[in-house]
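Trainee: Pasting the sequence and the predicted model now:
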Amino acid sequence: MFLLVFFLTVSIIPRKNFKIWLPFNALLVLSIIVVEYFYPELILNVYVDELSKTIDYSFTYIIVGGLIYLIVSYIRKNYDYERASALEKNIAIEEQNAEILLQKKELERLNSEKDKLFSIVSHDIRMPLNSIQGYLEMLSEHDLDEEEKEYLKQQLLQLTRDTSDMVFNILSWSKTQMEGSYVELAELNVSEALKEGLNIEKNAAKRKGVELVIETDNNLNILADKNMFQLVVRNLVNNAIKFTQNGGLITLTTQKKGEDCCISIKDNGLGIHPEQQENLFKLKAISTYGTNNERGIGLGLLLCKEFTDLQGGKIWFERNTDKGSNFFLSFKLAN
């Protein structure tokens with residue numbers, strides 16, 4: 001029994017109290033043994049025979065052994081629980097560290113792309129502005145015939161339009177990155193929104209000698225933000241005009257598919273190189289040039305992707321079997 005008390009003392013009490021209770025237990029047992037040795041008459045024989053003594057020893061063993069087993073089982077169970085908890089925490093910490101590392105790499109990649117983007121932007125905006133300045137100086141300082149003046153005016157108009165589109169896309173994208181975008185979904189007639197939003201693009205296509213055909217169903221209404229929807233479509237149509245040669249064809253069609261409205265912008269222009277198709281809707285800043293050297297940095301498609309997602313729509317690309325490209329938009333139909 002003293003051994004059981006000793007075991008309980010070691011198992012339960014704080015380690016700093018060992019120096020008090022363990023010596024006390026040992027001295028108490030030793031004292032009893034010494035007293036029994038030198039003064040045996042003080043120790044009464046309570047056993048009437050050897051059988052009762054054997055039974056007492058047996059029950060003592062069973063009780064002490066059972067209590068020790070229960071205590072050890074309890075301690076072992078708590079130990080295993082704490083060990084499993086610590087292991088789970090370590091795994092969670094490792095997963096969190098791995099996620100943080102991935103986020104860090106993604107942020108580094110995005111920062112690198114943004115640095116590259118702004119470097120290209122500064123270059124691609126400065127060049128057309130210098131060209132505009134040069135054209136204006138020629139118009140003001142030299143006597144030019146009407147044909148030369150008309151050519152310079154067309155070049156000025158094209159440069160101004162390209163630069164304006166680029167700056168608008170940059171400002172729109174920058175705003176979504178810094179402030180987020182407020183989306184106001186409402187029922188929108190697709191035919192009216194397209195005809196109203198593509199007036200400038202129709203004139204641009206006509207000036208370039210590209211036919212822009214719009215075939216829409218007047219009865220299709222979708223849930224979308226009007227300004228965002230028109231911006232997305234304008235960017236896609238502008239890209240089609242940019243990469244379609246004189247005499248080319250751009251077809252914009254709408255079609256009902258189940259509970260969605262699918263919008264297709266198809267052209268027979270230069271198409272998109274297979275290596276660039278995987279990064280169409282990502283921040284991969286790279287200077288691109290249309291058939292008339294129209295400038296772009298690929299930001300328009302990223303903006304289309306973000307604005308389409310914000311409206312709960314989908315956007316994807318398919319390469320035509322012959323030439324050109326085909327972009328698709330999908331929006332939920334309004335009830």
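Mentor: Here it is on my side, so go on.
Trainee: From now on I want contacts and neighbour counts done on CA atoms only, so please keep to that.
Mentor: OK.
Trainee: Pull the distance from the stretch of helix or strand G65 belongs to to the chain's centre.
Mentor: In the assignment (DSSP states H and E), G65 maps to helix 50-141. Remark: helix 50-141 is offset 17 Å from the chain centroid, using Cα atoms, centre = their mean, to the nearest Å.
Trainee: which secondary structure elements does it contact?
Mentor: Packing partners of helix 50-141 (3 or more Cα pairs under 8 Å, 6 or more residues apart in numbering; DSSP states H and E): helix 2-12, helix 146-179.
Trainee: If I take that helix and helix 2-12, what angle do their directions form?
Mentor: For helix 50-141 against helix 2-12, the angle by axes from the mean of the first three to the mean of the last three Cα atoms, to 10 degrees is 10 degrees.
Trainee: on that earlier part again, out of the helices and strands packed on helix 50-141, which gets the lowest mean score?
Mentor: Among those, helix 146-179 has the lowest mean pLDDT, at a mean of 70.
Trainee: Tell me the helix or strand right after that one.
Mentor: From helix 146-179 onward toward the C-terminus, using DSSP H and E, the following helix or strand is strand 186-189.
Trainee: Need the residues that contact that next one.
Mentor: The contact list for strand 186-189, computed with Cα atoms under 8 Å, 6 or more residues apart in numbering, reads 218-226, 334.
Trainee: For G247, give me its contacts.
Mentor: G247 sits in contact with 209-211, where contact means Cα under 8 Å, 6+ apart.
Trainee: Distance to L27, secondary structure and pLDDT for the residues you listed - can I get that in a markdown table?
Mentor: Output for the contacts of G247, formatted as a markdown table (distance: Cα to Cα, whole Å; DSSP: H, G, I helix; E, B strand; the rest coil; pLDDT from 0 to 100):
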| residue | distance to L27 | secondary structure | pLDDT |
| --- | --- | --- | --- |
| G209 | 110 | coil | 88 |
| V210 | 107 | coil | 89 |
| E211 | 108 | strand | 91 |
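Trainee: Kindly indicate the member of those with the most neighbours.
Mentor: For those, neighbours were counted using other Cα atoms under 10 Å, and V210 has the most, 23 neighbours in all.
Trainee: Check the gap between the residue nearest to Y135 when sequence neighbours are not counted and K266 for me.
Mentor: Of all residues not flanking Y135 in the chain, L152 sits nearest, at 6.4 Å (Cα to Cα, 6 or more residues apart in numbering). Counting by Cα to Cα, to the nearest Å, the gap from L152 to K266 is 31 Å.
Trainee: more crowded one of the two?
Mentor: More crowded of L152 and K266, by other Cα under 10 Å: K266, with 25 against 18.
Trainee: domain ranges for this structure?
Mentor: Per automatic domain parsing, the structural domains of the chain span 2-89, 186-332.
Trainee: Lowest average pLDDT across those?
Mentor: Taking the average pLDDT of each of the domains of the chain, the minimum falls on domain 186-332, with a mean of 82.
Trainee: and that one, how far from the chain's centre?
Mentor: 25 Å.
Trainee: Thank you kindly, that will do.
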